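In: got a predicted structure plus its sequence, pasted below:
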Amino acid sequence: MNQFLSRFAAKHAELGLSSTWVLLEDVQAAKLPVAAYYTLASATANKSSLPTSQSLPHYPVPVVLLARLAINRQHQGKGLGAKILISALRHSVQLMEQGLPAFGLILDVLDEDALTFYQRFDFFEPLTDDPMRLFVGMGRLRQV
């Protein structure tokens, strides 16, 4: 969690690769300890890998990539993961409504524990070519 924030988040933002949003433990604190963060980026997916019956163009389809989602160990198991995930999903919808082309959101699952976490939410579906890569359409995200 800390390594990505300290080494890559600002650099990637400057390059226009991704943007990271941070939830601080206490904005009054001198050190500003991080409770959680998420990173969003633009990506594309082949229509054949998307779990949809909707007619899509033959070129790669634009999606939002939830590139990172991390919770400080001190805050794990307290429901913050679900809250920051919902925040990231709603933020993705806002970006799409403001003009970012995106058919849906894709995320890469780190491990089996993370997969169990994401499966608690009824709306994620595995991509057809990789069960550790999940998808949810923007139509469904608008309801979150």
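Out: Sure, I can see it. Source: prediction; values computed, not measured.

In: tell me how far stretch 62-75 is from the chain's mean position?
Out: Centre-to-centre, stretch 62-75 and its host chain are 5 Å apart (CA atoms, centre = their mean, to the nearest Å).

In: next: stretch 89-101.
Out: In terms of CA atoms, centre = their mean, the centre of stretch 89-101 is found 12 Å from the chain centre.

In: hey, C-alpha coordinates of stretch 120-130 in PDB?
Out: What follows is stretch 120-130 as a C-alpha-only set of coordinates in PDB (Å, rounded to 0.1, in the frame of the first residue of the first chain):
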ATOM      1  CA  ARG A 120     -19.900 -10.400  -1.700                       C
ATOM      2  CA  PHE A 121     -21.100  -7.900  -4.200                       C
ATOM      3  CA  ASP A 122     -23.700  -9.400  -6.500                       C
ATOM      4  CA  PHE A 123     -22.800  -7.300  -9.600                       C
ATOM      5  CA  PHE A 124     -19.300  -8.400 -10.500                       C
ATOM      6  CA  GLU A 125     -18.900 -11.000 -13.200                       C
ATOM      7  CA  PRO A 126     -15.700 -12.800 -14.300                       C
ATOM      8  CA  LEU A 127     -14.400 -12.000 -17.700                       C
ATOM      9  CA  THR A 128     -14.700 -14.900 -20.000                       C
ATOM     10  CA  ASP A 129     -11.000 -15.300 -20.500                       C
ATOM     11  CA  ASP A 130      -9.800 -14.800 -16.900                       C
END
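
In: give me the mean pLDDT for that stretch.
Out: For stretch 120-130, mean pLDDT rounds to 89.

In: and that stretch, what's buried?
Out: Of all the residues in stretch 120-130, those buried under the rule 16 or more other CB atoms under 10 Å are 124-127. For the C-beta atoms, the positions are set from N, CA and C on the backbone; glycine is no exception.

In: ok, which pair from those residues is furthest apart?
Out: Using CB to CB, the pair of those lying farthest apart is 124 and 127, separated by 10.2 Å.

In: which residues are in contact with each of the two?
Out: 134-135 (CB atoms under 8 Å, 6 or more residues apart in numbering).
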